[in-house]
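Enquirer: Coordinates for the following, if possible.
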Amino acid sequence: MNIDQAAKEVLIKGDLGIGDEYGRILTIIDFGNVDYWFDEDRQDSDNNPLAEDQKLVIDLDKLKSFCSLFSDHIRFYYGHNTSKVSFISAAKYAFGKNMVFTKPIQKVRHNITLEELPSNTREILSDKEGSYILLPKCNFDVEISVDVIKLMDEYDTLALFSSDSDFVSLNRFVRNKSNGKKVILFKAGHIIGDLRKNTDKVINAQNIKRSITMIKQQKPGV
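Expert: A predicted model of the protein is given here:
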């Protein structure tokens, strides 16, 4: 590690409040959740307004560099479809092909109600059971939980990039007295009380916006 990298590590750890007591850190990135963190932001990291044709997106290289400043091991999970092949390649280039875990997105039936019709933007299908839409679904709750448990001897702290309430049980297990480990949660927006209660440190996505985002020019009509 060069001097600049060491200085950045000290600075970031200090800003985040990640001291030596957190030991070896395993970072898990649930990117299907993280990908949408800044969709509604209309300001950049300096609080300057974005132009109408601009949006904030996650920069994979910046995300990897940021996580490397406090992590001993980083794993990236993301569901894909045929239009995301280049993105998956970029993720493997940034994080290493053996540290990126993907699977196809499945389409799940959702029976649509009359109340949902005005706000629905998806194609409405119908059969003898009624009207429905197909929702994309691809979570990695099981895969992430299995990996976190399998790697239990290789870390002292789990750093989880996700706001998903499904991880309450995993956090509770990791922090169990018999395991004696800590959990750091990187999150955006509201999280349920049980998720916060079963976490040692909560870090808001807005506080790391500068470190992991870039401004993207949107195509007309997007």
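Enquirer: low-confidence ranges in this protein?
Expert: Within the chain, the stretches with pLDDT under 70 are 1-3, 81-84, 106, 121, 133-138, 220-222.
Enquirer: who's in contact with the most far-flung residue of it relative to its centre?
Expert: Using Cα atoms, centre = their mean, the residue of the chain lying farthest from its centre is K128. It sits 38.4 Å away. By Cβ atoms under 8 Å, 6 or more residues apart in numbering, no residues touch K128. Where C-beta positions appear, they are placed from N, C-alpha and C, glycine not excepted.
Enquirer: Show me which helix runs longest in the chain.
Expert: The helix that spans the most residues within the chain, counting by DSSP state H, is helix 3-16.
Enquirer: Go ahead and flag the most central residue of this protein.
Expert: Centroid-nearest residue in the chain, with Cα atoms, centre = their mean: V34, separated by 3.0 Å.
Enquirer: correct me, but it touches I58?
Expert: Yes: judged on Cβ atoms under 8 Å, V34 makes contact with I58 at a distance of 6.3 Å.
Enquirer: sorry, back to before: which residue sits closest to the residue nearest to the centre of the chain in space, ignoring its chain neighbours?
Expert: Nearest residue to V34 in three dimensions, chain neighbours excluded: F161, at 5.1 Å (Cβ to Cβ, 6 or more residues apart in numbering).
Enquirer: count of neighbours near I18?
Expert: By the criterion of other Cβ atoms under 10 Å, I18 has 21 neighbours.
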